[in-house]
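Chemist: sequence and predicted structure are below.
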Amino acid sequence: MEKKIFPLLLFSILLFLPGLALSDCVDLGRTTNWSVESENSIIYYARMTPVARIVLQDCTVNPSSTIRLTKHYLCDEDSLIIDGQECVIMSLTSASSGSL
């Protein structure tokens, strides 16, 4: 009976909380630099390897912007500080997911 409950529980979490189950989170504490992909997206790098792409909700970023992490481990809907303004992350895609 226990063997049947565990998959059912996992399926329920995926069904009712898809953001929690499918959200992408990345440790950006070890990144060395970043580059602007567009006015609202940033790519973080560890040395020369891309680690993550961040798309911002209501902020614009340019190559001369100052970006500060609010914490090292970021997920969708967390925030960054860009030029002194708190900016919400609309989507975060890690390079390990293969869609960067």
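Modeler: Everything's here; your move.
Chemist: what's the closest non-adjacent residue to Asp83?
Modeler: Ser65 (5.3 Å; C-beta to C-beta, 6 or more residues apart in numbering). C-beta here means a position set from N, CA and C on the backbone, and glycine is covered the same way.
Chemist: quick one, helices of this structure?
Modeler: Here the chain has its helices, by DSSP state H, at 2-16, 18-22.
Chemist: any idea which of those helices has the lowest pLDDT on average?
Modeler: Among the helices of the chain, helix 18-22 carries the lowest mean pLDDT, a mean of 49.
Chemist: need the strands for this structure, in chain order.
Modeler: 25-27, 33-38, 41-46, 49-56, 67-69, 73-75, 79-82, 85-94 (DSSP state E).
Chemist: looking at these, which is closest to Lys4?
Modeler: strand 25-27 (29.7 Å; C-beta to C-beta).
Chemist: in contact with Val26, which residues?
Modeler: Shown in contact with Val26 (C-beta atoms under 8 Å, 6 or more residues apart in numbering): Tyr44, Val51, Ala52, Tyr73, Leu74, Cys75, Leu92, Ser94.
Chemist: export the residues you listed to TSV and tack on neighbour count and pLDDT?
Modeler: Shown next, in TSV, are the contacts of Val26 (neighbours: other C-beta atoms under 10 Å; pLDDT from 0 to 100):
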residue	neighbour count	pLDDT
Tyr44	23	94
Val51	20	92
Ala52	25	92
Tyr73	11	91
Leu74	22	91
Cys75	14	89
Leu92	21	91
Ser94	18	86
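Chemist: fine by me, thanks again.
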